[in-house]
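**Student:** Have a look; sequence and predicted model below, questions after that.
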Amino acid sequence: MVTGAPAPAAHTDAELTSLLALLTSMRSPVRSVAVGHARDGASRATAQAFLRAWEALDRDVLTVVDWPEEAASWLRPAQRLTAQAPDAWVLAGAPPGVAHLLRRLRRSLGWDPGRTFGFASLADPRMVEFVGVDALDGLRGASADGGTWEIGRN
């Protein structure tokens, strides 16, 4: 069981810029996203900043889903994130809560970790421990300093 963790740090401008660059430079164009975030203040603010920036690029946000850090079931947020078949998923939150969600998403048809992007808080080695590398293969995101990261088998 994955339990409690401090809320993630606030995102940086460099992190947001890097994440937008990752999404807009993909070989298959990303036009639509589903955004998910934890309910803590930093995760909400990060998701809101991403939404404003993404929509300023004239791109579509199909849904915004939030979740508590601990829940009885992760089925509802997972279903809401995958319901409209977005081109990509963008996640903000602390590793434990996101890990619960990703374990549930792993069982969802249509979800692909290679089309899933996260903020710096998810560049945590515990993510592999919590979820498993196979379920995260291809998950990538932005670092607070504007760099990027990716989880993979190699």
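**Tutor:** Received, thanks. The structure presented is a predicted model; accordingly, all values stated were derived computationally and were not measured. Residues are numbered from 1 along each chain as shown.
**Student:** residues contacting the residue minimising distance to the centre of the chain?
**Tutor:** With distances taken as Cα atoms, centre = their mean, Leu91 lies nearest the centre of the chain, 1.9 Å away. Leu91 sits next to 35-37, 98, 101, 116-119, 122 when contact means Cβ atoms under 8 Å, 6 or more residues apart in numbering. All C-beta spots, glycine's among them, are computed from the backbone N, C-alpha and C.
**Student:** Against which helices or strands is the helix or strand hosting Leu101 packed?
**Tutor:** For Leu101, the enclosing helix or strand under DSSP states H and E is helix 95-105. On a contact count with 3 or more Cβ pairs under 8 Å, 6 or more residues apart in numbering; DSSP states H and E, helix 95-105 meets strand 32-38, strand 60-67, helix 75-82, helix 126-131, helix 133-136.
**Student:** make it 10 Å
**Tutor:** strand 32-38, strand 60-67, helix 75-82, strand 88-92, strand 116-118, helix 126-131, helix 133-136 (3 or more Cβ pairs under 10 Å, 6 or more residues apart in numbering; DSSP states H and E).
**Student:** quick one: average confidence on that helix?
**Tutor:** What helix 95-105 shows for mean pLDDT is 90.
**Student:** do stretch 123-135 as well
**Tutor:** 88.
**Student:** Straight-line length of that stretch, end to end?
**Tutor:** End-to-end distance of stretch 123-135 (Cα to Cα, to the nearest Å): 15 Å.
**Student:** what's the longest helix in this structure?
**Tutor:** helix 41-56 (DSSP state H).
**Student:** hang on, the earlier thing: show me which of the contacts of Leu91 are buried.
**Tutor:** Among the contacts of Leu91, those classed as buried by neighbour count (16 or more other Cβ atoms under 10 Å) are 35-37, 98, 101, 116-119, 122.
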